[in-house]
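>>> Task: produce atomic coordinates for the following.
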Amino acid sequence: MASTDTKTAQGAGLAGVEAGLDALDTAESRRTPLRQTFVNKIFPPIVAVVVVLLAWQALITFNVVDDPTKLPSPSDVGAEFKDAWLQGTLLDYIWTSVSRGLLGFLFALAIGTPLGLLVARVKFVRAAIGPVLSGLQSLPSVAWVPPAVIWLGLNNSMMYAVILLGAVPSIANGLVSGIDQVPPLYLRAGRTMGATGLKGAWHIVLPAALPGYLAGLKQGWAFSWRSLMAAEIIASSPDLGIGLGALLENGRNASSMSMVFEAIILILFVGIAIDLLIFSPLERWVLRSRGLFVKS
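Below is the predicted model:
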């Protein structure tokens, strides 16, 4: 009788555990209401932008900065955006820089990933070029613009070279950091199942190192974007078109602070948009696949 009661209690306990797990799965898969999404995700950035615009306008209204050559009003910057839109050049500015930045980042991804894997897995290579990669990562991207212009001339190849030199070390070092944090048990289990060499790298090492690798990718994109802006500001040519960096330099040459602010806002907007559209979803996917991301 006691045995039967024990089994019944165990069964009830298991049923409770299963019910709890089902409840967790249901809670995790339930869609967030639109109103909650607006309040938690959309409304705070809107408030922040409104506060910045009000503070900006207050500096003009109360004559804290009364020289428009130093600080244009929000309406002056808005008029600059309107003129660029009506002339059909606004999207051209954005596309010229974004297309270069994304293509250069893809090149850096194709080079930095195998390089990072090689550095992380081969001790001699790590000892030989590991410190060099760390040094290159700390080197300001703008330092590469003059030699790139001398070597390659004023063309898109020069732009891509600057992007690669700025982004590849970050991507490689991010992957190395991620691989260093892979538990040795994963590697031994992979070897036991026959996952060695390239197969082990693809099926065991890279998936396990994905969080660190993704952090390196985000940093690599930041370096790509900053490298491109530096190259467009310093190396201007009619053959290169007008990107956001060139727009910023044109505003400086014309002493037009409204154009300068237009370029700064567009550069900031592209950086935020790329993070929200590409890297944030990737980061959520990685966290969710590891059971670390739960919708609130």
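
>>> Remind me what the host helix or strand of L217 packs against, helices and strands.
Per DSSP states H and E: L217 is located in helix 210-234. Here helix 210-234 touches helix 90-121, helix 145-152, helix 156-180, helix 244-253, helix 257-274, helix 280-289, going by 3 or more C-beta pairs under 8 Å, 6 or more residues apart in numbering; DSSP states H and E. C-beta here means a position set from N, CA and C on the backbone, and glycine is covered the same way.

>>> buried sites along the last one?
For helix 280-289, the buried set under the neighbour-count rule, 16 or more other C-beta atoms under 10 Å, comprises E283, V286.

>>> Could you do the third one as well?
Applying a neighbour-count criterion of 16+ other C-beta under 10 Å, the buried positions in helix 156-180 are 158-179.

>>> With the flanking residues excluded, which residue is spatially nearest to the residue nearest the centre of the chain?
In the chain, the C-alpha nearest the mean C-alpha coordinate belongs to K218, at 3.4 Å (C-alpha atoms, centre = their mean). In space, and not counting its chain neighbours, K218 is closest to F279: 5.1 Å by C-beta to C-beta, 6 or more residues apart in numbering.

>>> I233 too?
G245 (4.4 Å).

>>> cool, S134 as well?
Among residues not flanking S134 along the chain, N173 sits closest, at 6.5 Å (C-beta to C-beta, 6+ apart).

>>> where do the helices sit along the stretch 1-150 of the chain?
Here the stretch 1-150 of the chain has its helices, by DSSP state H, counting those that start in this stretch, at 2-29, 34-37, 43-61, 74-87, 90-121, 123-138, 145-152.

>>> Switch the ones you listed over to CSV, and while doing so, append mean neighbour count and mean pLDDT to every line.
Formatted as CSV, these follow (neighbours: other C-beta atoms under 10 Å; pLDDT from 0 to 100):
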stretch, mean neighbour count, mean pLDDT
helix 2-29, 10, 48
helix 34-37, 10, 72
helix 43-61, 11, 84
helix 74-87, 14, 91
helix 90-121, 19, 92
helix 123-138, 13, 87
helix 145-152, 16, 90
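
>>> give the contact list for the residue nearest to I233.
Residues counted as contacts of G245 (C-beta atoms under 8 Å, 6 or more residues apart in numbering) are S97, L228, M229, A230, A231, E232, I233, A263, I267.

>>> What is the nearest of these to V77?
Nearest to V77 among these: A263, at 10.3 Å, using C-beta to C-beta.

>>> In this structure that closest one contacts G243, no?
No - A263 is not in contact with G243 according to C-beta atoms under 8 Å; the separation is 9.4 Å.

>>> hey, what's in contact with both of the two?
Taking C-beta under 8 Å, 6+ apart as the criterion, A263 and G243 both touch Y93.

>>> of the two, who's got more company?
Shown here are A263 and G243; by other C-beta atoms under 10 Å, G243 has more neighbours (29 against 25).

>>> picking that back up, just the angle for the helix holding L217 relative to helix 145-152, thanks.
With axes from the mean of the first three to the mean of the last three C-alpha atoms, to 10 degrees defining the directions, helix 210-234 sits at 80 degrees from helix 145-152.

>>> any idea how far R284 is from the closest residue to R126 other than its chain neighbours?
Take R126 and drop its neighbours on the chain: the residue closest to it by C-beta to C-beta, 6+ apart is V119, 5.0 Å away. Separation of V119 from R284 (C-beta to C-beta, to the nearest Å) stands at 28 Å.

>>> Please apply the same query to I150.
Plainly put, I150 is 43 Å away from R284 if you go by C-beta to C-beta.

>>> can you check I60 too?
40 Å.

>>> isn't I163 right next to S99, touching?
No - I163 lies out of contact with S99 (C-beta under 8 Å); the separation is 11.9 Å.

>>> My read is that G251 contacts M257, right?
Yes - counting by C-beta under 8 Å, M257 is a contact partner of G251 at 7.2 Å.

>>> Other residues contacting stretch 79-98?
Contact with stretch 79-98 is made by 228-229, 232, 241-245, 247, 256, 258-259, 261-263, 266-267, 270, as judged by C-beta under 8 Å, 6+ apart.

>>> run the last query once more with 6 Å
Contact with stretch 79-98 is made by G241, G243, L244, L247, S258, M259, E262, V270, as judged by C-beta atoms under 6 Å, 6 or more residues apart in numbering.

>>> per-residue confidence averaged over stretch 164-178?
Per-residue pLDDT over stretch 164-178 has a mean of 90.

>>> what sits up against that stretch?
Under C-beta under 6 Å, 6+ apart, the answer for stretch 164-178 is 107-108, 111-112, 115-116, 119-120, 133, 136-137, 141, 144, 209, 212-213, 215-216, 219-220, 223-224, 227.
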